[in-house]
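Visitor: just a sequence and a predicted model for now, questions to come.
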Amino acid sequence: MEFQVSKMSCGHCVATIEKALTAADQSASMQADLDTRTVRVSSSLSADELMQVLDEAGYAATHTAHPDPA
């Protein structure tokens with residue numbers, strides 16, 4: 001799943017987001033792109049649950065409608 005995180009602007013932001021995601025789902029993995037301010041997450045949590053985790057960490061996110069590659 002991919003999310004647009006407009007307030008993500010530095011490595012500290014990425015670390016905070018990663019910490020929040022792995023606290024919610026220990027098996028979660030993520031890739032962040034600071035240039036496009038997107039986060040790609042692999043998790044057993046739903047998109048809505050992940051957006052809530054991000055919001056609680058201080059980084060409101062929107063789910064982008066990119067299909068996962070097959």
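Guide: Now that the structure is in, tell me what you want to look at.

Visitor: distance from the chain centre to stretch 13-33, please.
Guide: Distance of stretch 13-33 from the chain centroid (C-alpha atoms, centre = their mean, to the nearest Å) equals 7 Å.

Visitor: and the end-to-end length of that stretch?
Guide: Counting by C-alpha to C-alpha, to the nearest Å, you get 11 Å between the two ends of stretch 13-33.

Visitor: one more: stretch 32-52?
Guide: Stretch 32-52 has an end-to-end distance of 18 Å (criterion: C-alpha to C-alpha).

Visitor: how about that stretch: buried residues?
Guide: For stretch 32-52, a neighbour-count test (16 or more other C-beta atoms under 10 Å) marks 32, 37-39, 41, 43, 45, 47, 50-51 as buried. Glycine gets a C-beta too; all of them are placed from N, C-alpha and C.

Visitor: go through those and flag which are in strands.
Guide: Among these, the members found in strands (DSSP state E) are 32, 38-39, 41.

Visitor: any idea of the mean pLDDT in stretch 43-51?
Guide: Per-residue pLDDT over stretch 43-51 has a mean of 95.

Visitor: distance between the ends of it?
Guide: Note: stretch 43-51 ends 12 Å apart using C-alpha to C-alpha.

Visitor: what residues does that stretch touch?
Guide: Residues outside stretch 43-51 that contact it (C-beta atoms under 8 Å, 6 or more residues apart in numbering): 1, 3, 21, 24-25, 27-29, 41, 53, 60-63.

Visitor: so can I have a markdown table of the ones in strands among the buried residues of stretch 32-52 showing distance to Gly11?
Guide: Compiled in a markdown table, those are given as follows (distance: C-beta to C-beta, whole Å):
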| residue | distance to Gly11 |
| --- | --- |
| Ala32 | 9 |
| Thr38 | 15 |
| Val39 | 13 |
| Val41 | 18 |
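
Visitor: thank you kindly, that will do.
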